[in-house]
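Engineer: Provided below are the primary sequence and the corresponding predicted coordinates.
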There are 2 protein chains.
Amino acid sequence: MYTIKQAALRSGVNVALLRAWERRYGVVAPIRTDSGYRLYDDEAISRLQAMRGLVDGGWSPRQAAEHVAAARPDELHALAKQSAPEDGPSTDPVAAFVEGATRIDSRAIERALDDMFASGSFERVVEERLYPALAALGDAWADGRVDVAGEHAAAAAVLRRLGMAFEAAGSASRADRPILVGLPPDARHEVAALAFATAARRAGLSVSYLGADVPAASWIEAVRLTGARAVVLGVALEQDVTAAEQVVTALGGSASEVVIAVGGRRSESVRNGAVVRLPNTLSAAVETLRATLD
Amino acid sequence: MYTIKQAALRSGVNVALLRAWERRYGVVAPIRTDSGYRLYDDEAISRLQAMRGLVDGGWSPRQAAEHVAAARPDELHALAKQSAPEDGPSTDPVAAFVEGATRIDSRAIERALDDMFASGSFERVVEERLYPALAALGDAWADGRVDVAGEHAAAAAVLRRLGMAFEAAGSASRADRPILVGLPPDARHEVAALAFATAARRAGLSVSYLGADVPAASWIEAVRLTGARAVVLGVALEQDVTAAEQVVTALGGSASEVVIAVGGRRSESVRNGAVVRLPNTLSAAVETLRATLD
DNA sequence: CTATGTCTGGACAAACATTAGACATGACAC
DNA sequence: GTGTCATGTCTAATGTTTGTCCAGACATAG
């Protein structure tokens, strides 16, 4: 329970306005102490944040209050990132994503990603929205329309979003031998690898995600420790190919019965023999891996 | 059993205030000697520490007292944000976290993190569970009990978890000039920076998170583009100090009116003058930044 | 004995909240 | 243009909360 000052700090609505919103729209109804002081709970803070977000997004306070009052508590967070009903030409989340990166506006980027991921299944959104958005971002960066900082902010937001999806996908808790997903040494482009890890989990596979820059020796140790059924290496850049090949060779030489697969934009350049090459679409890659395992 | 002075020393509450809290809220009820002196037991100290922590965290004393009075003794240490040095964190989720890293089991790591984050407010969990868990992980890695792959998997899971918290923090403040949080060039330890970014958002600040390895030129460009009110650099390792100093110098030279702050374990090594050094606890760091901005 | 610690009960100022209403600004209709 | 409405901000008068302080009496340790 928070006093009005704390509520103002946490919601970003100043004290006077907070009282005005309560008086005029009844958007919150804080309980009172014996002496009449308002006390706000966490849901009230969420409602105020949502209202603040809607008003900042161009809604009129009256309309915003109506929506906020009608929303269930679990809808409030999504509500806060909505933009005005009659938003201009930039309703395309891909364009909004690049535009947010241009302005280095984490919130706008998050809103664009929210829009994308609300529009379909994870796999489709990644293929049809996220990848094009990242391509557009790359173009904008090459043209100098987006600074490195904006690209960083966008990439960090994308990884957060994928990480949330990865966590949310965690259901198949059969303690069977996992699939290990990660990047070779010095490689740092996690997006495709994490997207694949998520899709694999969503398909019911048991996945451990190792992240970027995993040394060859650690891949071997990881396979030994976990008894992994498969290892999936992400190869996004040409410069990562050599490192990936070395990991593949090392794993092959360690004589375990693990399936070694590579995916990602530059996976075709990996020239080792005993390697499964995953196709470039998410669902097909998961299907290929599953087929190989059976 | 402690006299009132000892109790004051151990709880961080001065003698007069301690009596006032007892009189006004009945938060503790020390037994008395024959001559009427108060004698405090360990539980009383815990209650006072918990109350101190809540009040420092922005709660009104009355509300804090209600919570503390209602809490069972075993819940007290979880209530206090700044607890006494001697009460170590509960070992369960921390041990489970390290154990999951040992086995390179993403699921187990995620479960341990779930447990941690279910046990209290974000700031408290980060300080009292997550950081100790990461320290334990570092020790285990130094001892060879955990492989690099396990450390990678754990670090990736932690970043996912923090990313979710960052998104959930809502960023409901108005579209005013943001605070930029990120790491200097070549620095890659995002945990503390992302935790701070999240805490700052939760406190109602508008935060854009730029992520790891942001070049000095991009910091300047980002400040220019966003009109940022403040820049917060994370400095986790000694090797990042030089890069951070260069960023600070570059930003200072760019003549904008931005507040430059550094935080993280090695932030004390940053020797530039015009820099705000943030304390090492999350809530205190946010408070310091906010105070500097006002 | 002396210095220090503690007790009670009250007092006080500063910070914080309350209400009702006023006011400036901007959007929009006529 | 004028009028109206919505909205964010501000004021004034009043009340509450809370950290700190004081005076005088009693207790304890060296």
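Structural biologist: Looks like it arrived, so ask away. This one's a predicted model, so the numbers in the text were calculated from it and none came from an experiment.
Engineer: rest of the way, CA atoms for contacts and neighbours
Structural biologist: Fine.
Engineer: So for chain A, which residue is the most central one in space?
Structural biologist: Closest residue to the average C-alpha location of chain A: residue A:161 at 1.1 Å, with C-alpha atoms, centre = their mean.
Engineer: Per-residue pLDDT of that one, please?
Structural biologist: Note on residue A:161: pLDDT of 93.
Engineer: go on, residue A:173?
Structural biologist: pLDDT at residue A:173 comes out at 52.
Engineer: what do you get for residue A:32?
Structural biologist: With respect to pLDDT, residue A:32 has a value of 93.
Engineer: for it, what are its contacts?
Structural biologist: Taking C-alpha atoms under 8 Å, 6 or more residues apart in numbering or on different chains, we find residue A:32 in contact with A:38-39.
Engineer: Run through the bridge partners of it.
Structural biologist: residue A:38 (DSSP bridges).
Engineer: Give me the buried positions along stretch A:280-294.
Structural biologist: A:281-283, A:285-289 (16 or more other C-alpha atoms under 10 Å in any protein chain shown).
Engineer: out of those residues, who's nearest residue A:56?
Structural biologist: Closest to residue A:56 out of those is residue A:282 (36.4 Å), distances taken as C-alpha to C-alpha.
Engineer: So what's the model's average confidence on stretch A:209-227?
Structural biologist: For stretch A:209-227, the per-residue pLDDT averages 92.
Engineer: Could you do stretch A:279-290 as well?
Structural biologist: Per-residue pLDDT over stretch A:279-290 has a mean of 91.
Engineer: again with stretch A:38-46
Structural biologist: 88.
Engineer: and what of stretch A:242-254?
Structural biologist: 89.
Engineer: Give the buried residues for that stretch.
Structural biologist: Those would be A:242-249, A:251-252, for stretch A:242-254 by 16+ other C-alpha under 10 Å.
Engineer: In three-state terms, how would the residue nearest to the centre of chain A be classified?
Structural biologist: When classified by DSSP: H, G, I helix; E, B strand; the rest coil, residue A:161 comes out as helix.
Engineer: So what does the residue in the stretch 51-200 of chain A that DNA strand C sits nearest to have for phi and psi?
Structural biologist: Going by C-alpha to the nearest atom of the strand, DNA strand C is nearest to residue A:60 of the stretch 51-200 of chain A, at 9.8 Å. Backbone dihedrals for residue A:60, given as degrees, to the nearest 10, come out at phi -80, psi 150.
Engineer: thinking again about what came up before, identify those among the buried residues of stretch A:242-254 that sit within strands.
Structural biologist: Using DSSP state E to define strands, no part of the buried residues of stretch A:242-254 is located there.
Engineer: Let me know the closest of those to chain B.
Structural biologist: Relative to chain B, the closest of those is residue A:247; by C-alpha to the nearest C-alpha it sits at 13.2 Å.
Engineer: How about the closest one, nearest residue that isn't a chain neighbour?
Structural biologist: residue A:216 (4.9 Å; C-alpha to C-alpha, 6 or more residues apart in numbering or on different chains).
Engineer: What is the neighbour count of the one you found?
Structural biologist: Around residue A:216 there are 21 other residues, counting by other C-alpha atoms under 10 Å in any protein chain shown.
Engineer: One more: residue A:57?
Structural biologist: 19.
Engineer: State the distance from it to DNA strand D.
Structural biologist: In this view, residue A:57 and DNA strand D are 11 Å apart by C-alpha to the nearest atom of the strand, to the nearest Å.
Engineer: Lovely, talk soon.
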